[in-house]
Structures are given as C-alpha cells and as structure tokens.
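A.B. asks: here is the input, now give the coordinates:
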Amino acid sequence: MNDGVFTELLDLACGAFLLAAVAVLWLRQLTSIVRAFALQGVALAAVAALLGLREGRGELLAVAAGIGLLRAGALPHLMRRALAAGAPGGDGRYQEDVSEARETRPLVNVAASLLSAALLTFLAYAVARPLVALDPTPVTRALPVALAVVLIGFFTLVTRRRALAQIVGFLLLDNGITATAFLAASGVPPIVELGVSFDVLLAVLVLGILTTRMRAAFGGTGIDDLRELRDR
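C.D. replies: Below is the predicted model of the structure:
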C-alpha cells in the first residue's frame, strides 16, 4: 500500500470515527445512538487494520478483527437488548420499550452539544499539536481525532440522563483511548487489548443488568430516579 492511498484511507476512517461520536450527541433516539456507536466500532477496526497492513503486523490485523466483533457486533447487540422490554414479543424477538427509546432531557441541548463538540475538537488539536510536531507522520497527524473522541465521550457521559446513553458515553471514551493507543504507539500488545476488551464487555453486562433493575424499580432508566434512593 503506497503512502497516498494509506493516508487517504486513514483520514477517511478517522473522519468516520469522529463523526460517529458527534452523531451520538446529535441523535436522540437511543436505537440510532447505538447504531452510531456500532459504526464507530467499524471505523476503529478499520484504523487498526490499516496500521496492520501498513506495518505488516499480523497481530494488529487480529486485534482489528476482535475490535470489529466486539465493538461493532457484541456490544451494540447487548445495548439493544437493554433497550428491549422485559419479555419477548409474540415472534420471539425482544420488543423495544417505547418509553425508554429516546433521550428526552439531556443536561445540554442539541445545539449546545454540537457547539461543545466543535470546541472540544479544537481543544484536542491544540493539545496534540506539540505531540504531532515531534513526529509529523500521517498516523500522528490523526492523533487529535482520537483525543477529541475521548473528550466527546466524557462530555456525553456527564450530560446524558438515560442510563443507556451514559453507557454509550463510557464506550466512546474507551474507543477514544484505544484509538489514541493505536495512533500514538502503533497499537498495543494483543494480550493487553484482549484484557481491556473483556473488561469493557463485563462493564457493559453489569450496566445492562443495572438498567434492567432500574426499569423494574422505577419504571425507567432516567438517572434522576436514583434520587429516590435517598428517601429509602
């Protein structure tokens, strides 16, 4: 793969990676938010695969395949199950809980969220400029995108009221950290990535159980309902 093609494909994958994070802030339907997260998982896997092809490292290609299976397949599936009602429908499929299908009252509205995403992206580019200057290659020049996703993920985590939207914010944060590792250090050892992935999977399973218990106890997954615990 020549330099021009590699740079264009890497820029495309990183652009999709960042746009998926911004889409999470823009969207309100939780099913669409989960879909945007799945697309980001595909973009992250593409970044790892491009680095593996560029450097001829088979372990990076294996990590890319694992990322694609977990972050574009297993995790979105678990979140869709968390959105489902407590019992399957007549066709055996889980039916979406309509009352929980939308993030209706975020702490920051859509316009302010998108403006914040733009400011956080500028901040990421400003912070990463000295790092890029140390070794200005196509890979390091994409590093600010990963840092921007870290900041956007944290912003999503602290401004959303639905538990599932907060789970997505946590996963965006993790995706951004993973992308930073790939772009700053040409990937991480497969055993480390495997361990982190299993930790993330376990966290999502626990959070999925938590949302189910919240729905059973409070009739919803809005975090404001947790304030009732102080009265018990």
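A.B. asks: can we go C-alpha only for contacts and neighbour counts from here?
C.D. replies: OK.
A.B. asks: any buried residues in stretch 131-147, and which?
C.D. replies: 131-132, 138-147 (16 or more other CA atoms under 10 Å).
A.B. asks: find the residue closest to Pro138 in space, skipping its chain neighbours.
C.D. replies: Thr7 (6.0 Å; CA to CA, 6 or more residues apart in numbering).
A.B. asks: need the buried residues of stretch 131-147 in a markdown table (columns: secondary structure, pLDDT and distance to Arg160).
C.D. replies: Listed next are the buried residues of stretch 131-147 as a markdown table, based on DSSP: H, G, I helix; E, B strand; the rest coil; pLDDT from 0 to 100; distance: CA to CA, whole Å:
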| residue | secondary structure | pLDDT | distance to Arg160 |
| --- | --- | --- | --- |
| Leu131 | helix | 85 | 32 |
| Val132 | helix | 87 | 32 |
| Pro138 | coil | 87 | 34 |
| Val139 | coil | 89 | 32 |
| Thr140 | helix | 89 | 31 |
| Arg141 | helix | 91 | 31 |
| Ala142 | helix | 92 | 28 |
| Leu143 | helix | 92 | 26 |
| Pro144 | helix | 94 | 24 |
| Val145 | helix | 95 | 22 |
| Ala146 | helix | 93 | 21 |
| Leu147 | helix | 94 | 20 |
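A.B. asks: what's the farthest-apart pair in those?
C.D. replies: Spanning the widest gap among those are Pro138 and Leu147, at 15.6 Å by CA to CA.
A.B. asks: low-confidence ranges, this structure, go.
C.D. replies: By pLDDT under 70, the low-scoring segments of the chain are 1, 85-105, 186-232.
A.B. asks: recalculate using a threshold of 90.
C.D. replies: 1-4, 6, 27-31, 52-111, 131-140, 157-171, 173-174, 177-178, 180-232 (pLDDT under 90).
A.B. asks: what ranges does it have for its strands?
C.D. replies: With DSSP state E as the criterion, the chain has strands at 84-88, 94-96.
A.B. asks: follow-up on the earlier one: and the residue nearest to Pro138, how far is that from Glu55?
C.D. replies: 13 Å (CA to CA, to the nearest Å).
A.B. asks: more neighbours, the two?
C.D. replies: Between Thr7 and Glu55, Thr7 has the larger neighbour count (other CA atoms under 10 Å), namely 17 against 12.
A.B. asks: is it correct that Ala38 is in contact with Leu69?
C.D. replies: No: Ala38 lies out of contact with Leu69 (CA atoms under 8 Å); the separation is 10.0 Å.
A.B. asks: neighbour-wise, which of those two wins?
C.D. replies: More crowded of Ala38 and Leu69, by other CA under 10 Å: Ala38, with 22 against 15.
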